[in-house]
Structure formats: structure tokens, C-alpha cells
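In: this one's sequence-less:
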């Protein structure tokens, strides 16, 4: 007997529209004064999306109507309450690590490269699960060991980007679910040149994820696995395709007892990806059905995020 399960991965574009330097800690006041002197304002525009709160509320309604069992989200930063507005009666969320908030920027100083710099203590990741049918029994939040871009290169080092591991029971079947968000950007300061530091960061992150999965398998943890999220790995770029193929697919398939495949959308392929891993020693396995980008989310108010939600219909079944 096999049980249908619907999953969605979605970068909801939950960055704040603006940051106001007038709210910063006193240690950053000189920077705010200089910025205001040059720009004639203390407001920094960081998100081209407008009416973000309205758009996130629309996302919440659309996700509810899509009736998924599991939703993995990225960039769940400043509009978490709006995200859960339509979902909270029927879905549980996991740990929300907070907003991008300048008043808390100096809550922890870390060495990024060789210099002590502040970092927002949030990762933007979350997992939302249908009540009753799906139950999270364990959550681990893991940061990328390597990231790049503090003042430029998509500013990935400003937050604690990484991946999360959720152990869960879905319709009585135990599975592991990984939600990931990898470093962005593709180009260096030399126009048209590829950016080795961005590519090397993604290579490091994919290796870290694969090694983590393999390590758990070698430790005797044998459950079917779903990986979903924003890989920022562009299918049009050979270096990104090679990284996914070599350091994720080949690395895991070369381990005896593990079998990974990508659940490929049938309408378009983008940076948002879903993978399934079946494991020797588990009584259950995951089977793919169909997968697609849902382009209907923009029907009422226009495109509500700079990503489309990627939906996969899967089956969890007993191997026998």
C-alpha cells in the first residue's frame, strides 16, 4: 500500500522592503550619519518587491488552497505572522529564527573572513506541516561552514544561511526532510566574469550536505529522505550543473545502500529543487509521481515572490 504525499518548496521573498539606519545600535551610528550625508536618507532599499506583507498573506492563502502535507520555505524573515495567517488552523510551523532587524545586528559579533563583523541571527528557513497527518519529532539547524558575500555578492554572509533536518512521521511513515538555502550570485566585480568565491561556496555547501547525509547513514540512521529548497544553482551554468551532479548525486549514489534522484518539474527547471533518497535497511521508500512549478499564485495580485512554488506529488510506500 502506498500513501500519497504532497510537498512544496518555496522561497517566499520575505526580506524587509527597507532597512532604516536610524534604528541601529550606537556602535553603527557613524555609518548611519555618513550614509545619510551621502544619500540624503537613512533608508536602505533591500527588496524590490512592494506591499510584501500583502503578498505574503496571498502566499498563505495559496498554500492553503494547494493542500500540501509539507511546506519547506526559504527567506521566512520579517513576515512570518503573515505567512501563517491562513495556515495556522490547519498547519504547524517549526522554529522561526527571527527577522532581519538592525536593532539586533550587534547581538553577536563573529569573525567573517579575518574581521569581526555583525551578523543577523536568522536563517530564513522553516517547515510547515499538516496537523494530525504529519508530525515533526526532531529538528536540527545547521549553518553552512563556508559562505561568502558580506557587503556584496548577494550579501549571503549577513545571515546564518544553511540547512535544516527534520525527522518526522508522515501518515505513520518515518522520513527525514532537509530544507536548504544555498549561497546566491554568479558574477565577480569583473564584468561578465564568473565569481569563483560564489561557486566555491556552493560547492562547499553541497559537499557539506552530502557528507552530512552520508554520515547519518553510516551511523545507522536509515530512513527515506527528501531534500528541498533554493539551491541558487542555475541550470544554465555548467559549473552549477557539475556541482549538483558530482558532489550531490554522484557522491550519494556512490555509497552502497543509498540511491538519490532529482524530482524534475515537468514545465520548467529553476534554482528551486527537490531530491529523494531511498535507503537500504528501511522498510519504506519514496516514489515520485509528478512535479511542477505552480504559476497560478500570481493570478490575483501579480507575482507574489521572485520564485515560483515547486510542488511535488510523491508516494511513501512499504518496499514489500
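Out: Cool, the structure landed. On a predicted model such as this, the values are computed, not experimentally measured, just so you know.

In: remind me which residues of this protein are low pLDDT?
Out: Where the chain drops to pLDDT under 70, the residues are 18-36, 38-39, 41-50, 103-117, 150-155, 186-195, 299-303.

In: Give me the packing partners of the longest helix along it, helices and strands only.
Out: Determined from DSSP state H, the single longest helix within the chain is helix 196-218. Helix 196-218 sits against strand 162-170, strand 173-181, helix 238-244, helix 251-253, strand 258-262, with contacts defined as 3 or more Cβ pairs under 8 Å, 6 or more residues apart in numbering; DSSP states H and E. All C-beta spots, glycine's among them, are computed from the backbone N, C-alpha and C.

In: Quick check: what element follows it along the chain?
Out: Per DSSP states H and E, helix 196-218 leads on to strand 225-230 as the next helix or strand towards the C-terminus.

In: What strands line up against that next one, and which way round?
Out: Next to strand 225-230 in the sheet, as set by DSSP bridges, lie strand 173-181 (parallel), strand 272-279 (antiparallel).

In: Let's have those strands in a markdown table, adding mean neighbour count.
Out: Converted to a markdown table, the strands paired with strand 225-230 look like this (neighbours: other Cβ atoms under 10 Å):
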| stretch | mean neighbour count |
| --- | --- |
| strand 173-181 | 23 |
| strand 272-279 | 22 |
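
In: Quick one: these as a markdown table, columns for distance to residue 69 too.
Out: Shown next, in a markdown table, are the strands paired with strand 225-230 (distance: least, Cβ to Cβ, whole Å):
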| stretch | distance to residue 69 |
| --- | --- |
| strand 173-181 | 11 |
| strand 272-279 | 14 |
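
In: Of those, give the one that comes closest to residue 95.
Out: Counting by Cβ to Cβ, residue 95 lies closest to strand 173-181 out of the strands paired with strand 225-230; the figure is 11.4 Å.

In: what residues does stretch 265-272 touch?
Out: 9-11, 229-235, 290-293, 295, 307-308, 310 (Cβ atoms under 8 Å, 6 or more residues apart in numbering).

In: List only those of these flagged as buried.
Out: The neighbour-count test (16 or more other Cβ atoms under 10 Å) marks 9-11, 229-233, 291-293, 307-308, 310 as buried among the contacts of stretch 265-272.

In: where do the helices sit along the chain?
Out: Under DSSP H, the chain gives helices at 29-39, 52-66, 80-84, 196-218, 238-244, 251-253.

In: Buried ones in the third one, by neighbour count?
Out: So the one you mean is helix 80-84. 80, 82-84.

In: And for the fifth one?
Out: The neighbour-count criterion (16+ other Cβ under 10 Å) identifies 239-240, 243-244 as the buried residues of helix 238-244.

In: Quickly name whichever of those is closest to residue 314.
Out: Using Cβ to Cβ, residue 244 comes nearest to residue 314 of these, at 19.8 Å.

In: now that closest one: how far from residue 74?
Out: Residue 244 is 17 Å from residue 74, where distance means Cβ to Cβ, to the nearest Å.

In: which residues does residue 74 contact?
Out: Applying Cβ under 8 Å, 6+ apart, we find residue 74 in contact with 9-12, 124-125, 179, 181, 229-230.

In: so residue 225 touches residue 277, yeah?
Out: Yes: with contact defined as Cβ atoms under 8 Å, residue 225 reaches residue 277; the gap is 3.8 Å.
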